[in-house]
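Engineer: below is the sequence, then the predicted model.
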There are 2 protein chains.
Amino acid sequence: MKYSKLFGKTNKNTPADADSANAKLLTQAGFISQLMAGAYTYLPLGFRVFEKVKKIAREEMNAIGGQEILMPALQPREPWEATGRWSDPGQEVMFQFKGRGDKDMCLGFTHEEIVTPLVQQFVHSYKDLPVMVYQIQDKFRNEPRAKSGLLRGREFSMKDLYSFHLTEEDRVAYYEKTKVAYANVFKRCGLNAILTEASGGSFSAFSHEFQVSSESGEDTIYHCVKCEYAWNKEISKVKGGDICPNGCGTKIQELSAIEVGNIFPLGTRFTDANDFSVTGEDGKLVRVIMGSYGIGPSRLVGTIAEVLHDDKGIIWPKSVAPFQVHLISLGSKDTVVVEQINNAASLLHDELEAAGIEVLWDERVDVSAGAKFADADLIGIPLRLVVSEKTLKENSVEWKERNSDEVKLISINEIIEDVKLFVK
Amino acid sequence: MKYSKLFGKTNKNTPADADSANAKLLTQAGFISQLMAGAYTYLPLGFRVFEKVKKIAREEMNAIGGQEILMPALQPREPWEATGRWSDPGQEVMFQFKGRGDKDMCLGFTHEEIVTPLVQQFVHSYKDLPVMVYQIQDKFRNEPRAKSGLLRGREFSMKDLYSFHLTEEDRVAYYEKTKVAYANVFKRCGLNAILTEASGGSFSAFSHEFQVSSESGEDTIYHCVKCEYAWNKEISKVKGGDICPNGCGTKIQELSAIEVGNIFPLGTRFTDANDFSVTGEDGKLVRVIMGSYGIGPSRLVGTIAEVLHDDKGIIWPKSVAPFQVHLISLGSKDTVVVEQINNAASLLHDELEAAGIEVLWDERVDVSAGAKFADADLIGIPLRLVVSEKTLKENSVEWKERNSDEVKLISINEIIEDVKLFVK
């Protein structure tokens, strides 16, 4: 992909919520553009990252037996009345409005009300359980303070998985599986997410959150480094400086953190409301037990930019970078040399693409080397390759990784193999 | 994938809008489930088809230089006021409501109002043009009569591409490219879409639609079979029985048809409203010229089911079938034979999957052969393979294609290679 053809360039725009690093960096690097507070367009660079994050989430959900579906965002009032959430918290957090014939409708901020009767349609016997279904769908919240870029939106992407079980034992076993799958998602996205005990709200005694340490985080957690476990301040009986209650002897840290995922035991909160039981092995009715599990792919994109950057720009992990290689061809005073550089870079671009590597090629001729390097740092692709008069003389390419200051010269004959190894 | 584990089975449900074949067949075959009129959940089978249709659309859009982005569905009032469409047709067709602070918001039924100022942010010079961006995003319409399954929804998927040009000549050249790309999308989805001249509405003298002949279609078109061209009744100067005005001598047919795509010259309708000009080569300001191009992936799924079915069920084209092979293992009175059948089918299932082939394996033991065959016909996967006592004795597998009545026996040693050839 030639940079001059890419829609959405680096810029000096400052979004209204440039309080947060992710809003500022993702905007100025040309990944997103704000439509209004809490609603962003993904430009081609941002769209590529977003898709990679969603793909990782999909792979991990499929690996634990999740089946992908897609439920409507636009919903009628009735299922929300059945659970009592049309009024509370619905009226506070939902966009509720009227359609034709004065029909009450809303935009879902979660999908328990929709998925429970859906699964009930198809599940009648203990033999039909467990069922694990998930979707990646936009959620909508009438946020009082939509802010912090992709961290808190009015429209945001959610990967929500729902599980249905015959027994609490089976629900617990699956809950433990989701902990592992979630940890995998965050690790693959380059994040260190801390498993955190949190309130179960009105549903259960507790839940778990995955929290990423960040000054921009809205949550406060008390973290034991040794146990790799934490407690959300909302429910914590420990505080900063205390000794870990697990008996490991370590002092608890207080951290600000961004919640990137949560998993909830739902018990029979929603199956009771829908009178959803199955026939058990003994022929008697058994109430179905549920869990729900959420990751926000849009918030995840924001969190990565929020915590993985330096003062020059974003530092994307290889797994979700918009491109794998940022190729730069520099200019020269000699027009013959310019053509030679351009030809060499074009050849390299084509060879890399032929090897299945994603390349963004900054081939602009009217832009200085300094400006090109600054753009590459801001955009944050993991590997920068430079073709210039100097490198051509040495029949080589300049190699610089985004998260290192070292600059190497690599022979043109070896470059493709080296890049293949790097992106692996 | 084992059928017993698949979420969403064949059923006898009748959706409220079972007037149309697609609503009835897609519901009863377990592809979709109606939440309310005009809003459907995609179950795993339906989701797989939907994803394949979107992938085809993406590939063809990328092939003509389209860059994928994603714009919010939730939008503020202001850009719609700028073009005058908040009131007309907005108040009629949009969901409009208030957020916090009494802020007017809406759900987009199209995105010209959003994409034009977005592109304007990044495009300042003739050198920045042309720009072609597209998205696949849900649209929302406050439909008076949401009906006909996936054909007319309140929430529906749209692939909308927008192009921005320096000259009308360039816009026309790109318009011709989109005609070819659109024809490819429909052809790859197994549909015969007729290029149809239609009204340009308030935007231009004309537009083009792609229409698929169907009794369920809401449109009437006048079609010349020889020219492979048609006119929408709304603007047609010809009628059924007339001689084709192109001079080919053929009699015009009247057809009911489903509109599966449309392409619009937009002129400067939206760039005028946003005062969007660029600096031309001579330094003078030039008003940017636009086109827009839409395909509804959800409607496309519905159209395929609507036109490609028989009285037994859907007949998916290979390109978008939820699975490539429907493997059935039958029962036996002899429990040893049951185990042999199951082992052979399990091995075949694993070998097919290892060869990269998508297999749905109906391994249910408590279901009759007749019921399994009926389910296979209803679901409509292109190739049905049966392992039974009879086929095992002949060291073979029964092969039946969905769109043929012929049943063949294929040697177990040749089956993988034959399937590979079939799905190619």
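Structural biologist: Nice, I can see it.

Engineer: point out where chain A drops to low pLDDT.
Structural biologist: For chain A, the stretches with pLDDT under 70 are A:17-18.

Engineer: quick check, central residue of it?
Structural biologist: Most central in chain A under CA atoms, centre = their mean is A:Leu300, positioned 2.6 Å from the mean C-alpha point.

Engineer: now the helices for the stretch 251-400 of chain A?
Structural biologist: Along the stretch 251-400 of chain A, counting by DSSP state H, counting those that start in this stretch, helices occupy A:269-273, A:297-307, A:335-354, A:369-379, A:389-393.

Engineer: which parts of stretch A:156-167 are buried?
Structural biologist: Of the residues in stretch A:156-167, A:Phe156, A:Ser157, A:Met158, A:Lys159, A:Asp160, A:Leu161, A:Tyr162, A:Ser163, A:Phe164, A:His165, A:Leu166 count as buried by neighbour count, 16 or more other CB atoms under 10 Å in any protein chain shown. Just so you know, the C-beta spots here come from the backbone N, C-alpha and C atoms, and that holds for glycine as well.

Engineer: so what's the second one up against?
Structural biologist: So that's A:Ser157. By CB atoms under 8 Å, 6 or more residues apart in numbering or on different chains, A:Ser157 lies in contact with A:Phe50, A:Lys54, A:Ile136, A:Gln137, A:Asp138, A:Lys139, A:Gly296, A:Pro297, A:Ser298.

Engineer: repeat that for 10 Å
Structural biologist: Going by CB atoms under 10 Å, 6 or more residues apart in numbering or on different chains, A:Ser157 touches A:42, A:50, A:53-54, A:57, A:136-139, A:150, A:295-301, B:70.

Engineer: domain parsing for chain A?
Structural biologist: Annotated domains of chain A cover A:8-73+A:108-310, A:325-423 [automatic domain parsing].

Engineer: the last one vs chain B: in contact?
Structural biologist: Okay, so that is domain A:325-423. Yes - for domain A:325-423 and chain B, the contact criterion (CB under 10 Å from any CB of the partner chain) is met by A:Asp366.

Engineer: what's the local residue count around A:Asp52?
Structural biologist: Quick fix: residue A:52 is Lys, not Asp. Close neighbours of A:Lys52, defined as other CB atoms under 10 Å in any protein chain shown, add up to 20.

Engineer: check which helix or strand covers it.
Structural biologist: Using DSSP states H and E, A:Lys52 maps to helix A:44-63.

Engineer: what helices and strands are in contact with the helix or strand just after that helix?
Structural biologist: Sequence-wise, the next helix or strand downstream of helix A:44-63 (DSSP H and E) is strand A:67-68. Contacting strand A:67-68 under the criterion 3 or more CB pairs under 10 Å, 6 or more residues apart in numbering or on different chains; DSSP states H and E are the following elements: helix A:44-63, strand A:131-140, strand A:155-165, helix B:44-63.

Engineer: got CSV for the ones you listed, with distance to B:Glu351 too?
Structural biologist: Compiled in CSV, the helices and strands packed on strand A:67-68 are given as follows (distance: least, CB to CB, whole Å):
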stretch, distance to B:Glu351
helix A:44-63, 21
strand A:131-140, 27
strand A:155-165, 30
helix B:44-63, 21
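
Engineer: between the ones you listed, which one is closest to A:Ser329.
Structural biologist: In terms of CB to CB, the element of the helices and strands packed on strand A:67-68 nearest to A:Ser329 is helix A:44-63, at 19.5 Å.

Engineer: dump the residue contacts of whichever residue of the stretch 151-300 of chain A sits closest to chain B.
Structural biologist: Closest to chain B within the stretch 151-300 of chain A is A:Glu155: 4.3 Å, counting by CB to the nearest CB. When contacts are counted by CB under 10 Å, 6+ apart, A:Glu155 touches A:35-36, A:38-40, A:73, A:95, A:107, A:138-141, A:143, A:146, A:298, B:72-75, B:107.

Engineer: mind doing that once more with 7 Å?
Structural biologist: Going by CB atoms under 7 Å, 6 or more residues apart in numbering or on different chains, A:Glu155 touches A:Gly38, A:Ala39, A:Asp138, A:Phe140, B:Pro72, B:Ala73, B:Leu74.

Engineer: make TSV out of the residues you listed and add secondary structure and distance to A:Val336.
Structural biologist: Formatted as TSV, the contacts of A:Glu155 follow (DSSP: H, G, I helix; E, B strand; the rest coil; distance: CB to CB, whole Å):
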residue	secondary structure	distance to A:Val336
A:Gly38	coil	53
A:Ala39	strand	50
A:Asp138	strand	53
A:Phe140	strand	58
B:Pro72	coil	49
B:Ala73	coil	52
B:Leu74	strand	54
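
Engineer: skipping adjacent residues, who's closest to A:Val225 in space?
Structural biologist: Using CB to CB, 6 or more residues apart in numbering or on different chains and skipping residues adjacent in sequence, the residue nearest A:Val225 is A:Thr250, 6.2 Å away.

Engineer: whoops, I mixed them up, A:Gly90
Structural biologist: A:Trp80 (5.7 Å).

Engineer: about what we covered before: what is the neighbour count of the residue nearest to A:Val225?
Structural biologist: The burial count for A:Thr250: 15, using other CB under 10 Å.

Engineer: just checking, it touches A:Lys226?
Structural biologist: Yes - under the criterion of CB atoms under 7 Å, A:Thr250 is in contact with A:Lys226, at a separation of 4.2 Å.

Engineer: any residues in contact with both of the two?
Structural biologist: What both A:Thr250 and A:Lys226 touch, as defined by CB under 7 Å, 6+ apart, is the set A:Cys244.

Engineer: chain B contacts on chain A?
Structural biologist: With CB under 7 Å from any CB of the partner chain as the criterion, chain A comes near chain B at residues A:7-9, A:33, A:35-36, A:39-44, A:47, A:67-76, A:95, A:97, A:99-100, A:114, A:118, A:121-122, A:131, A:133, A:138, A:140, A:142, A:144, A:154-155.

Engineer: what is the stretch of helix or strand the residue nearest to A:Gly90 belongs to packed up against?
Structural biologist: Here A:Trp80 sits within helix A:78-83, counting by DSSP H and E. Here helix A:78-83 touches helix A:112-122, helix A:269-273, going by 3 or more CB pairs under 7 Å, 6 or more residues apart in numbering or on different chains; DSSP states H and E.

Engineer: who touches that helix?
Structural biologist: Helix A:78-83 is touched from outside by A:Trp86, A:Gly90, A:Cys106, A:Glu113, A:Ile114, A:Pro117, A:Phe270, A:Ala273, A:Asn274, with contacts defined as CB under 7 Å, 6+ apart.

Engineer: tell me the contacts of the fourth one?
Structural biologist: So the one you mean is A:Glu113. Per CB under 7 Å, 6+ apart, neighbours of A:Glu113: A:Pro79, A:Trp80, A:Thr83, A:Arg85.

Engineer: okay, now the closest residue to A:Lys54 other than its chain neighbours: neighbour count?
Structural biologist: Leaving out its chain neighbours, the residue that sits closest to A:Lys54 by CB to CB, 6+ apart is A:Pro297, at 4.9 Å. Using other CB under 10 Å, the number of residues around A:Pro297 comes to 26.

Engineer: my read: A:Pro297 touches A:Val49, true?
Structural biologist: No - counting by CB under 7 Å, A:Pro297 stays clear of A:Val49, with 9.7 Å between them.

Engineer: helices and strands around the longest strand anywhere in chain A, which ones?
Structural biologist: In terms of residue count, the longest strand belonging to chain A (DSSP state E) is strand A:253-267. Under the contact criterion of 3+ CB pairs under 7 Å, 6+ apart, strand A:253-267 touches helix A:168-188, strand A:206-213, strand A:219-224, strand A:289-295, helix A:297-307.

Engineer: export those to CSV and append columns for distance to A:Glu363.
Structural biologist: Conversion of these to CSV gives the following (distance: least, CB to CB, whole Å):
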stretch, distance to A:Glu363
helix A:168-188, 32
strand A:206-213, 36
strand A:219-224, 44
strand A:289-295, 37
helix A:297-307, 26
